[in-house]
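Trainee: Fold the following, please.
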Amino acid sequence: MKRLTMSLDDELAEAFEALVRARGYANRSEAFRDLLRQDLGSARLREHPDGPCVATLSYVYHHHHRQLALRLTDLQHDHHELTVSTMHAHLDHDHCIETVILRGRTEAVRAFAESVITQPGVSHGQLHLVPMALQHAHGHDHLVPALARPASATEPSADA
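Mentor: Coordinates of the predicted model:
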């Protein structure tokens, strides 16, 4: 493990300390590592839209909206190569929440999520993407969360 030393102006340092306390981190290093992983992951997703990812897509929908539940199910079936699992819960008489675990190329996962979120009757849609990298393959791929290293030619391109 490498040790880094940084200098921050007083205002930024105080804001960072407040963040560490508010989120309940044990120390500044853990908070900094999480912020860095988040930023590096976002950069990787932008730079490698064809790279593999895993994601959660959560959304609330009005289940009495005309044929919406059927359309949402059909979308998942039409993209079965992306859809790993779905959890469904009833919020009240009219509203449901679903969380879908997705796996595949980042651009395909984003496109699927947009097609769900933009359905009439769907609200509060949120996609959380985690870039992945190939750890090793032996008949099937083993993916691990990716950091900043660039996508290699050995990483799966489509069916992660």
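Trainee: Just give the number of residues close to residue 14.
Mentor: Neighbour count for residue 14, taken as other Cβ atoms under 10 Å: 11. C-betas here are computed from N, CA, C, even on glycine.
Trainee: And residue 103, by the same measure?
Mentor: 19.
Trainee: Do you have the helices of this structure handy? List them.
Mentor: Taking DSSP state H as the criterion, the chain contains helices spanning 10-23, 28-47, 68-78, 106-117.
Trainee: Which one of the ones you listed lies nearest to residue 129?
Mentor: Residue 129 sits nearest to helix 28-47 of all the helices of the chain, at 5.6 Å, using Cβ to Cβ.
Trainee: how about that closest one: buried residues?
Mentor: 31, 41, 44, 45 (16 or more other Cβ atoms under 10 Å).
Trainee: how about the residues you listed, which pair is most distant?
Mentor: 31 and 45 (21.7 Å).
Trainee: Quick check: the gap between the most centrally placed residue in the chain and residue 38.
Mentor: The residue lying closest to the centre of the chain (Cα atoms, centre = their mean) is residue 129, at 1.8 Å. From residue 129 across to residue 38, the span is 11 Å (Cβ to Cβ, to the nearest Å).
Trainee: who does the longest strand along the chain pair up with?
Mentor: For the chain, the longest strand by residue count, based on DSSP state E, is strand 122-137. Strand 122-137 has its sheet partners listed here by DSSP bridges as strand 52-62 (antiparallel), strand 141-145 (antiparallel).
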